[in-house]
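Novice: coords please:
(one chain, ligands or ions: 1)
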Amino acid sequence: MAKLFSPINFKNVTLKNRIVMAPMCMYSCNQEDGKVTPFHVTHYTSRAVGQVGLIMLEATAVQPEGRISSQDLGIWDDDHVEGLTDLNRQIHHYGSKTAIQLAHAGRKAQLDSNIFAPSALAFNDSYKTPQQMTVEDIKETIEAFKAASKRAKQANFDIIELHAAHGYLINQFLSPLTNIREDSYGGSRENRYRLLEEIISAVKQAWDGPLFVRISTDEYAEGGNSLEDFVYFSRRMREQGIELIDCSSGGVVPASISVYPGYQLPRCETIRKEANISTGAVGLITTGVQAEEIIQNERADLIFLARALLRDPYWPRTAATELNEKLSAPKQYERGW
Ligand SMILES: Cc1cc2nc3c(=O)[nH]c(=O)nc-3n(C[C@H](O)[C@H](O)[C@H](O)COP(=O)(O)O)c2cc1C
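Specialist: This is a model prediction of the structure:
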């Protein structure tokens, strides 16, 4: 059997295969209230019908001022739990597990309200200059991640992923390019890790399921974190009980990036080996053969697919055909599968 279709466990959660729907903002909360809409139900449930092992929800804001746009999904209020619970029920019905990506945009929030970041540095001319967070602001944000995790548990998610990539708030603390603080949250890499460390500790008080973290493993700019820094952060995360590092890149500062199939994979592989932790590969993975090669050669444990799954919600079936595998179908579709 192709290893892509073999199950894998994270704590008490078994994924039926290694295929993950990568988090993708849909900017579809048209009421600007952060609540799940019929679109979200159709969008995510279609990929569950398509036999994706893990459906990860898009970046979901833990505080309203932490949204990228006013149309982002949210989990900052108890009122969000009902829609998320219903969405989980629908996805679980087809045998997929669910994850939520907890996020705070920091200086990359494009909102009318004030925005916050480790330091008062704008991303570029078209973004607002953020307010430098006080220690009290930091503590409130940590509490917001914890409260969001409690709601994620109430809503029956199987896995939580913390969004520490793409230049959003946690990433802004990790990177020396965006964090020029002089207190205990800035300076050395130990200090720059402190926000993530405290968020993980707080989340674990409310959540005992598997925890993943997405990081940007390359900042594509001089003076940014090196691969060695990311191995250090990943070791720290493993020591704190993180189950998997989802290895993306970029977004910290404006930079031009050359992309090609598997462009983020070498760093993913290095982190897996050197930090001795499971990893997720992402970035221009489009075929079953490519995904199978990555899993068989133990370069990553999970395959995250974004755009390929937008094009083809039944990508697992397409990959199975390519790999000469027979994937079981939802019973309603057996005659056509
Ligand atoms: C429409 C869209 C929205 C995205 N939103 C998110 C997001 O909410 N969180 C995140 O970590 N990455 C986000 N990404 C990045 C993807 O998860 C993924 O890392 C990237 O698209 C590369 O994978 P791909 O080549 O399979 O598309 C988004 C990508 C797309 C195309």
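Novice: quick one, phi psi at Ala291?
Specialist: Main-chain dihedrals, Ala291, degrees, to the nearest 10: phi -70, psi -40.
Novice: Next secondary structure element downstream of the longest helix along the chain?
Specialist: If you go by DSSP state H, the chain has its longest helix at helix 135-154. With elements assigned by DSSP states H and E, the helix or strand that comes after helix 135-154 is strand 159-164.
Novice: If you count contacts, what does that following strand end up packed against?
Specialist: strand 54-61, strand 97-103, helix 135-154, helix 169-174, helix 189-206, strand 211-216 (3 or more Cβ pairs under 8 Å, 6 or more residues apart in numbering; DSSP states H and E). (Each C-beta comes from the backbone N, C-alpha and C, glycine too.)
Novice: how about 10 Å then?
Specialist: In terms of contacts (3 or more Cβ pairs under 10 Å, 6 or more residues apart in numbering; DSSP states H and E), strand 159-164 is packed against strand 54-61, strand 97-103, helix 135-154, helix 169-174, helix 189-206, strand 211-216, helix 227-239, strand 244-248.
Novice: Relative to that strand, what are the paired strands and their orientations?
Specialist: In the sheet, strand 159-164 lines up against strand 97-103 (parallel), strand 211-216 (parallel) (DSSP bridges).
Novice: Centre of the chain to the longest one, how far?
Specialist: Think strand 97-103. 7 Å (Cα atoms, centre = their mean, to the nearest Å).
Novice: Could you pull up the mean pLDDT of it?
Specialist: On average, the pLDDT along strand 97-103 is 99.
Novice: Same question for stretch 32-44.
Specialist: 98.
Novice: how far does it stretch from start to finish?
Specialist: 20 Å (Cα to Cα, to the nearest Å).
Novice: Give the buried residues for it.
Specialist: Buried residues in stretch 32-44, counted by 16 or more other Cβ atoms under 10 Å: 33-37, 40-41, 43-44.
Novice: Same list, the residues you listed, but as JSON lines with secondary structure and distance to Thr85 please.
Specialist: JSON lines is the format used below for the buried residues of stretch 32-44 (DSSP: H, G, I helix; E, B strand; the rest coil; distance: Cβ to Cβ, whole Å):
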{"residue": "Asp33", "secondary structure": "coil", "distance to Thr85": "16"}
{"residue": "Gly34", "secondary structure": "coil", "distance to Thr85": "15"}
{"residue": "Lys35", "secondary structure": "coil", "distance to Thr85": "12"}
{"residue": "Val36", "secondary structure": "coil", "distance to Thr85": "9"}
{"residue": "Thr37", "secondary structure": "coil", "distance to Thr85": "15"}
{"residue": "His40", "secondary structure": "helix", "distance to Thr85": "13"}
{"residue": "Val41", "secondary structure": "helix", "distance to Thr85": "12"}
{"residue": "His43", "secondary structure": "helix", "distance to Thr85": "17"}
{"residue": "Tyr44", "secondary structure": "helix", "distance to Thr85": "13"}
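Novice: for those residues, which one is nearest Thr217?
Specialist: Using Cβ to Cβ, Tyr44 comes nearest to Thr217 of the buried residues of stretch 32-44, at 26.6 Å.
Novice: isn't the closest one right up against Thr37?
Specialist: No - in this structure, Tyr44 is not within contact of Thr37 by Cβ atoms under 10 Å, at 11.2 Å.
Novice: Mutual contacts of the two, please.
Specialist: Both Tyr44 and Thr37 are in contact with 26, 87, where contact means Cβ atoms under 10 Å, 6 or more residues apart in numbering.
Novice: for the helices and strands packed on strand 159-164, which one sits closest to Asp78?
Specialist: From those, taking Cβ to Cβ, the stretch that ends up closest is helix 135-154, at 6.7 Å.
Novice: what's the closest one packed up against?
Specialist: strand 54-61, helix 81-92, strand 97-103, strand 116-117, strand 159-164, helix 169-174, helix 189-206.
Novice: hey, C-alpha coordinates of it in CSV?
Specialist: The C-alpha trace of helix 135-154 is given here as CSV (Å, rounded to 0.1, in the frame of the first residue of the first chain):
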residue,chain,number,x,y,z
VAL,A,135,3.6,43.4,28.7
GLU,A,136,-0.1,43.7,29.7
ASP,A,137,-1.1,43.4,26.0
ILE,A,138,1.1,40.4,25.6
LYS,A,139,-0.5,38.7,28.6
GLU,A,140,-4.0,39.4,27.3
THR,A,141,-3.0,37.8,23.9
ILE,A,142,-1.7,34.7,25.7
GLU,A,143,-4.9,34.4,27.6
ALA,A,144,-6.8,34.8,24.3
PHE,A,145,-5.0,31.8,22.8
LYS,A,146,-5.9,29.9,25.9
ALA,A,147,-9.5,30.8,25.8
ALA,A,148,-9.7,30.0,22.1
SER,A,149,-8.2,26.6,22.8
LYS,A,150,-10.9,25.9,25.4
ARG,A,151,-13.5,26.9,22.8
ALA,A,152,-11.8,24.6,20.2
LYS,A,153,-12.2,21.8,22.6
GLN,A,154,-15.8,22.6,23.2
